[in-house]
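Novice: Structure of the sequence below:
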Amino acid sequence: MYPNFSRSILSCLRHKKGKLMRNMFMRRSDTGSGGGRRRTAKLGIALGAGAARGWAHIGFLQELDAHRVRAEVVTGTSIGAVCGGAYAGGKLIELEAFARSLTKRRIFSMMDVSLAGGGLIGGSRLRAKLEAALGNLNAEELSIKFGAVATEIGSGHEVWLTKGNMAEAIRASYALPGLFEPVNFHGRWMVDGALVNPVPVTLCRALGADLVIAVNLSTDSFARGSVKPDEYEDAAHPPVPASQPELPDHASPRGFLSAVSDGAFALSWPFRAATAPTKTASASGPGVAAVMIDAFNIMQDRVARSRLAGDPPDILVNAKVGRVGLFEFHRADELIALGREAARRAMDDIRAAQAAFESYAF
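Specialist: The predicted structure follows:
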């Protein structure tokens, strides 16, 4: 009954079965061993905060380029935003030249002291340098996805700056409270992103990175959460410290603002303790500015540890830059070399992570 109709149905089914088998074979050949079209990992780099130590990011990025490891996503906080923005905007060579040209005297000449605003430094000279280098570049127009982290004053919200003027976004990310004036970005007042996210791994993943390399600059700066008891808590009369050589008025522990040695005194002398009869390090102690910066840095270190534990990167690179002071911007040569060294140490791990991703991602 209806022989022609039956033959048509069987022919159609055979055709569809053959097409289905061909498609299955093609998919297997595409993803099988030796067949080749596996998806490569979209690499992201999260560059951490760290003031002058951030020049190490320049060397790190250059060494990745030398090994033909290219990032498609770059995020940064504070100095990490400066270096990451230069990389994403194709201005890393210019930033390197600027960093290597810095001397103590030149650094001080760029500090426009302002006691009327929200910080000791107005930042107009640094802003002019950024605008000259980046021009009117907008983050969303770059071929490499870029994002900077800032903190909103008042709410304390972590703000991801992924659109708009690059220079303004970078300024907002490095506006250290008390030192630089806050930045008004699209109607919101912003300060340093290191308050909330010193190493922005989360933002890197949000922008689409499959593998995230995080560069942390504070790992060897502080003790790892240890508690030191008071050795003399039971002593009626604790020992008197030995006499120490007299230091200049502007000197302070940990070399604060040693990068601008002569100018530092002009910034910090009004805030130093004036009760001690002699000007020794043991008597006068650190100035308010030194205490403020060290307190901020300790807090940043603890926040970074917490955030990295909650959202760990695929590869964590701990750059060994602790011997360089936070404001020693004139030591760019040394820091760039340390960044290159950190990248070389991590290269095997980076290659292994890329290979592992490509083995399983279809």
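Novice: from what I can see Ala150 touches Ala194, true?
Specialist: No: Ala150 is beyond contact range of Ala194, at 9.7 Å (criterion: CB atoms under 8 Å). Where you see a C-beta, it was placed from the backbone N, CA and C, and this is true even at glycine.
Novice: hey, which helix or strand in this protein has the poorest pLDDT?
Specialist: helix 261-268 (a mean of 40; mean pLDDT, DSSP states H and E).
Novice: which residues of the stretch 251-362 of the chain fall in helices?
Specialist: Under the criterion DSSP state H, counting those that start in this stretch, helices of the stretch 251-362 of the chain are mapped to 261-268, 281-284, 288-310, 332-360.
Novice: How about the stretch 51-200 of the chain?
Specialist: Under DSSP H, counting those that start in this stretch, the stretch 51-200 of the chain gives helices at 56-66, 79-88, 92-101, 104-109, 124-134, 166-173.
Novice: For the fifth one, give the mean pLDDT please.
Specialist: Translated: helix 124-134. For helix 124-134, mean pLDDT is 75.
Novice: What's the separation between the closest residue to Ala51 other than its chain neighbours and Ala332?
Specialist: Spatial nearest neighbour of Ala51, excluding adjacent residues (CB to CB, 6 or more residues apart in numbering): Leu326 at 4.1 Å. Leu326 sits 14 Å away from Ala332, going by CB to CB, to the nearest Å.
Novice: tally of neighbours for the residue nearest to Met111 when sequence neighbours are not counted?
Specialist: Of all residues not flanking Met111 in the chain, Ile121 sits nearest, at 5.4 Å (CB to CB, 6+ apart). Neighbour count for Ile121, taken as other CB atoms under 10 Å: 20.
Novice: Repeat that for the one 5 residues further on.
Specialist: Leu126 sits with 19 neighbouring residues when counted by other CB under 10 Å.
Novice: The one 3 residues further on too?
Specialist: As a burial measure, the neighbour count of Lys129 was computed by other CB under 10 Å and equals 12.
Novice: Name all residues that make contact with it.
Specialist: Phe98, Met110 (CB atoms under 8 Å, 6 or more residues apart in numbering).
Novice: on that earlier part again, please look at the residue nearest to Ala51 and Ala49 and confirm they touch.
Specialist: No: Leu326 is beyond contact range of Ala49, at 10.2 Å (criterion: CB under 8 Å).
Novice: So for the two, which residue has more residues nearby?
Specialist: Legend: neighbour count by other CB under 10 Å for Leu326 and Ala49, higher for Ala49 (33 against 25).
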